[in-house]
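Participant: model the following, please.
(chains A, B and C)
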Amino acid sequence: MNDEIILEHGLTLDEFRVIKEYLKRDLTIEELGIFSAMWNEHCCYKTSKKWLKKLPTSNEIVIQGPGENAGIIDVKDNDGIAFKIESHNHPSYIEPFNGAATGVGGILRDIFTMGARPIATLDSIRFGEISTDKTNYLLNGVVHGIGHYGNCIGIPNIGGECEFDQTYDYNNLVNAMAIGHVKNDSIFYSKPKTIGGLIVYIGSKTGKDGIHGASMASDVFSEDDEDEKRPSVQVGDPFMEKLLMEGCLELMSSGLIESMQDMGAAGITSSSVEMASKGNVGVHINLDKVPLRQPLTPYEILLSESQERMLAVIEKDNNEKIREILKKWQIDYEVIGEITNTKRVVFSSNEKIVVDLPVDIIVDDAPEYDREFSLPKKRNQRNFDTSKLNIEKMISNYMNNLNYLDKSWVYNQYDSTVMGDTIKEPGQSAGVVKIHNTEKAIGASTDCNPLYIRINPEKGMIYTVLEAYRNLIASNIKPMAITNNLNFASPLDPNIMGEIVLSISGLSDIAKKLDTPIVSGNVSLYNQTNDRPIDPTPVIGMVGCNSNWKKILQNKFIKKNDELLLLGKSLGGDFSPYFLQDQKIISSICEFNELLAPDIDLEIKTAKFIQEAAEKDLIQSSNDISRGGIFMSLIKMTQKNLGFSIKVNDEKDIFCEYNAGYILAIDQKNKEEVFSMLYKDQINFLSLGQVKLNTFEINSKKFNYSDMMDMYYKNFYKLIN
Amino acid sequence: MSFKSAVITFPGSNCDRDALTYLKDLTHGEVFNIWHEESSLPDVDLVILPGGFSFGDYLRSGAMASKSNIIHDVIDHANNGRYLLGICNGFQILTEIGLLKGALIQNKSIKFLGKDCYIKKKFDNKFNCNIKDSEVLQIPVAHNEGNFYCDQETLNYLQNEELIAFEYCRGEDSIDDGNINGSLDNIAGITNKNRNILGMMPHPERAYQDFHVSKDGKKIIESILS
Amino acid sequence: MRIKILIRLKSQILEPQGKVIEQSLKSLGFEEFSNIRQGKLIEIDLPDSLNEKERSEKIDVACKRLLVNEIIEEYEVLG
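Facilitator: Model (predicted):
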């Protein structure tokens, strides 16, 4: 086998030598394909594994941590919540509609593979400067693709993020998260139990889709090769996925399936290898039995990433019953192999063995790198001149920046109320759905502050998690666990490797302090085009629960004359990165001051207070303070002609970021009780003002309410067209 | 005698469970879920064709569902004067069967639309008789093809025979004219001449519980039961 | 034999996709492109044993029964 072929398969010559020494023979091309798929970054985490091991992944509520298709937490009474986030960045850049759609399809399969019925999705999407045609095309395609897939299959989209920054000009990010509900005694794992069990293929026929998709995800793009890569993008069929989901859930609830695995990245290869590895068994699969859409070589069958396919293990006796159920759903079904005791992965075709490898070498001996990394330089402390900013100018800067505006253009293309259990829809701090036929509410938020992380990866990551935490607390959801999607540029650059190492360390610290373990995740590296790396964008999805949905807080004002309280501690003008960037005080990353230390104790103390007050029904509504400060937080609370009148000492401060920042709307009759709770807990607060009809007033300066609403709700539409 | 109802599930229906829950919670009677391949309906007072993407919305929304096995019995059920309600994809299926006039084409925005809409009653019928003329209902929509179209003659017929049940209107915090999808004459729902079949794009089954955006969706079942 | 059926919205019905395509083309400099409409093409294999009359009858029935909604669409069989 020549070097060129090896390198083309994304393996280094050193890696290849290890394989050959182990096997003491040459590899077949199919075997090389398997290593190419299994030893790439996407499947074996060779760069990040060393660091990911440091993350806290268990506590008393974790039923399943990382390593399965999704993580699962216990929300009591035999109810479990399965969730995971996954990236589809590169495919969405090449073909935004299908790339994003199949991202949603893949993450939904990860959920129902565990026996869980998906109950919500969220999406974290990032694009470059909107001024380019390319960004507009990507934005339209990605949002259409996410909507098309999720709407058709009928899972509500309850939130996420959509941000724009030139760092994503050539590498947009599409991270899709899904949440499912499962009964804890009916969870399905990928580990097979019975030697001699049949391996069955369920779902769409296999075609040429996405061949080498997984290796592609670990390649650094060069700008011109978009066309060349186009045929390898997978095409999704949400209708098929809906049938597959209903069919699989029916099979699982009838107890006919032993274990199940989704054919995701690297298709039948990775799903069968995982099965063998988890069960410490072998697999023998006859590739001639795989249902095909078109004639394919064994190599292509092994690496195809055709969508909407599952691999399951069953007992022989159940074969006909399963075939009957799947016939009703019009789903292809074929017995393609069996579980053996050889601890080898064997594929045959045309009565010839094309692959015969010990599971050990593929999985356990997968490379793990300890790449060189460097720490960020110390920053000088400076004061910034903000004297040219006045309130009108600051409002205008935020209201003409896509990142601050209402994103209904995006989320109105998603069905967020299907399934009838949605409590909080997109556009609020967190999405919340009820678990069907229970009183429980599940909340989730996805977040990332790439600018903070760029300034200081460790602290920045802590701020990111705390923002998600506040999003849940502002809805009175108890934060319970985290899924992460680590999007970075090339780890071969020590500076970027440093960002990876430090942000994982920050994530680890804060997850321990908040007791919110990381139960699932995904790593996406090499997000860079030529010399333009993306900013570090480790997105987290945080999930929590409230056992009584009636206690969920909305973000919107409920009635006039309610008192507005401000909690938290301002970072101040010199230390609020987004304020400095988006009020155009700073243009270069090296100018920022070091991040202030996050005040984790204050965050926890404040969260406790809000939960306590909410449980006593003392809070009408609440919102957290994040990018855009008090000002943006208040705008997001307005609805149905309910505005506000507030008084503050420092007008600049209402545009700054906060530690433990929240706005609470309190009924006047509850004011005293709330105040005394705050005094007792020794939490500083400020009475900002009141909710007022048709009013938008800051320090006696009156702005036109409908003009402000028009800007907030309509400027996004204007700016992208 | 208790009220009985049924919801038909097609492959790709995704609001069938929502419709079942809606009927169970509001009629307190027996509710059947019928798979599209079955050949007969149980004896029921109301049948719902639910929302979703029956057959993936491939070819045209509702086209293939309109040829399903169960449809013969659905037509018989309606011809016997019993109630038939098509919501969203169900409305599309009813027009494809030909039980309702017109057709639903792509939204004028050429985008899927998932948001709240405001509707009010236009002409009286058994599905909306409990709703006051001036009342504005807030109900979610979620569709890509909800833009009601018919030729002028049919439109005159719908107007003259008073077969328009609901029309889109402005709501409390609307920032536009309320006609969300470009429908002719703001039509959000129509009935047949007998007024025992209603097709509507908004989803009343997503607007009846305490945590929903409103409880206005209740009023349709309440009207039928009254 | 391979049959192609072209289905499009009737000319009196607004076809928003065509309008958007037209705007995009104009912004790319194709000012002289106008009246753009988008339709769909269905391809079907039919046995060669059918004569032309049988073939066209079968196609018409299939179009009327399922493939085309004559309230909004019209169709044309292409060769």
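Participant: which strand or helix spans residue 120?
Facilitator: You didn't say which chain, so I picked chain A. Assessed by DSSP states H and E, A:Ala120 sits inside strand A:117-127.
Participant: right idea, wrong chain: chain B
Facilitator: Using DSSP H and E, the element containing B:Lys120 is strand B:113-121.
Participant: next SSE downstream of that strand?
Facilitator: The first helix or strand that comes after strand B:113-121 along the chain, using DSSP H and E, is strand B:137-143.
Participant: partners of that following strand in the sheet?
Facilitator: strand B:113-121 (antiparallel) (DSSP bridges).
Participant: now the helices for chain B?
Facilitator: Chain-ordered helices for chain B, with DSSP state H as the definition, fall at B:16-27, B:71-79, B:89-97, B:152-160, B:218-225.
Participant: deepest-packed of those, please.
Facilitator: Greatest average neighbour count among the helices of chain B goes to helix B:89-97 (a mean of 28), per mean count of other CB atoms under 10 Å in any protein chain shown. Bear in mind the C-beta positions are built from the backbone N, C-alpha and C, glycine included.
Participant: what about stretch A:21-36, start to end distance?
Facilitator: For stretch A:21-36, the separation between the terminal residues is 17 Å (CA to CA, to the nearest Å).
Participant: correction: stretch A:158-177
Facilitator: Across its full length, stretch A:158-177 reaches 10 Å between end residues, using CA to CA.
Participant: tell me which residues of that stretch come out buried.
Facilitator: The neighbour-count criterion (16 or more other CB atoms under 10 Å in any protein chain shown) identifies A:158-165, A:167-177 as the buried residues of stretch A:158-177.
Participant: restrict those to those near chain C?
Facilitator: Among the buried residues of stretch A:158-177, proximity to chain C is found for none (CB under 8 Å from any CB of the partner chain).
Participant: what parts of chain B come near chain A?
Facilitator: Among all residues of chain B, those adjacent to chain A (criterion: CB under 8 Å from any CB) are B:11-12, B:14-15, B:17-18, B:21-22, B:35, B:37, B:51-53, B:55-58, B:111-115, B:140, B:142, B:144, B:172-173, B:175, B:203, B:205-206, B:209-213.
Participant: what sits against the closest residue to chain C within chain A?
Facilitator: Scanning chain A for the residue nearest chain C gives A:Asp133, at 8.8 Å (criterion: CB to the nearest CB). In this structure, A:Asp133 makes contact with no residue, judged by CB atoms under 8 Å, 6 or more residues apart in numbering or on different chains.
Participant: distance of it from A:Asn140?
Facilitator: Between A:Asp133 and A:Asn140 the distance, using CB to CB, to the nearest Å, works out to 11 Å.
Participant: for chain C, where's the lowest mean pLDDT among helices and strands?
Facilitator: Each helix and strand of chain C was given a mean pLDDT (mean pLDDT, DSSP states H and E); the minimum falls on helix C:16-27 at a mean of 81.
Participant: just checking, next helix/strand downstream of it?
Facilitator: Tracing the chain past helix C:16-27, the next element assigned as helix or strand by DSSP H and E is strand C:40-45.
Participant: which residue packs closest to residue 63, ignoring adjacent ones?
Facilitator: Picking chain A for this. The spatial neighbour of A:Ile63 that comes closest, neighbours along the chain excluded (CB to CB, 6 or more residues apart in numbering or on different chains), is A:Ile72 at 4.3 Å.
Participant: look at chain C instead
Facilitator: What sits nearest to C:Cys63 in space, not counting adjacent residues and going by CB to CB, 6+ apart, is C:Tyr75, at 5.3 Å.
Participant: who are the contact partners of the one you found?
Facilitator: By CB under 8 Å, 6+ apart, the contact set of C:Tyr75 is C:5-8, C:63, C:67-68.
Participant: from those, which land in strands?
Facilitator: C:5-8 (DSSP state E).
Participant: from the residues you listed, pick the one nearest chain B.
Facilitator: Compare each of the ones in strands among the contacts of C:Tyr75 with chain B using CB to the nearest CB and the shortest gap goes to C:Ile7, at 9.2 Å.
Participant: correct me if wrong: that closest one contacts C:Asn69.
Facilitator: No. Shown here, C:Ile7 and C:Asn69 do not form a contact pair, counting by CB atoms under 8 Å, at 9.1 Å.
Participant: between the two, tell me which one has more neighbours.
Facilitator: The neighbour comparison of C:Ile7 against C:Asn69 (other CB atoms under 10 Å in any protein chain shown) goes to C:Asn69, with 23 against 18.
Participant: isn't that one right up against B:Ala103?
Facilitator: Yes. Here C:Asn69 lies in contact with B:Ala103, judged by CB under 8 Å, at a distance of 5.8 Å.
Participant: got any residues that touch both of the two?
Facilitator: Counting by CB under 8 Å, 6+ apart, the residues touching both C:Asn69 and B:Ala103 are B:Glu96.
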